[in-house]
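Visitor: Here is my input; please provide its structure:
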Amino acid sequence: MTLAISVRLDEEAQRALAQLEASGLSRSDAIRGAIVKSAQQVRGREALRQEVAMLEADQEDRREMLEVADFMEQLRAEG
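Guide: From the prediction side, this is the model:
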């Protein structure tokens, strides 16, 4: 099933759409591609946020990170 929608584009969006169309994409393909790419970016950011939260909650990882940072600081002080 397909869904037809209507949007109002500002000047920036119109220029971007024109650039995509100039590359050979149809208007529909350009818009569909932009929506899919945007959704993928949102999912990627959410996955990254979840990974960061998991690492921050891992006390062993935090301890090890602090040890490495301390070691690196000692190396820098010696050099």
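Visitor: Helices of this structure, residue ranges please.
Guide: Remark: helices assigned in the chain by DSSP state H are 11-22, 27-57, 59-78.
Visitor: Determine how far the shortest one lies from the middle of the whole chain.
Guide: Computed by Cα atoms, centre = their mean, to the nearest Å, the chain-centroid distance of helix 11-22 equals 22 Å.
Visitor: Also the longest one?
Guide: Helix 27-57 has its C-alpha centroid displaced from the chain centroid by 5 Å (Cα atoms, centre = their mean).
Visitor: And for stretch 11-31?
Guide: Distance, stretch centre to chain centre, for stretch 11-31: 21 Å (Cα atoms, centre = their mean).
Visitor: Can you give me the end-to-end span of that stretch?
Guide: 15 Å (Cα to Cα, to the nearest Å).
Visitor: for that stretch, which positions count as buried?
Guide: Leu17, Leu20, Leu25, Ala30, Ile31 (16 or more other Cβ atoms under 10 Å). All C-beta atoms are positioned from the backbone trio N, CA, C, and that covers glycine.
Visitor: got any ranges where this structure has weak pLDDT?
Guide: By pLDDT under 70, the weakly predicted segments of the chain are 79.
Visitor: Count the residues that sit near Glu73.
Guide: A count of nearby residues for Glu73, using other Cβ atoms under 10 Å, gives 10.
Visitor: picking up where we left off before, of the helices of the chain, which is nearest Thr2?
Guide: The closest of those to Thr2 is helix 27-57. By Cβ to Cβ, the value is 9.5 Å.
Visitor: Report all helices and strands that the closest one contacts.
Guide: If you count contacts as 3 or more Cβ pairs under 8 Å, 6 or more residues apart in numbering; DSSP states H and E, helix 27-57 packs onto helix 11-22.
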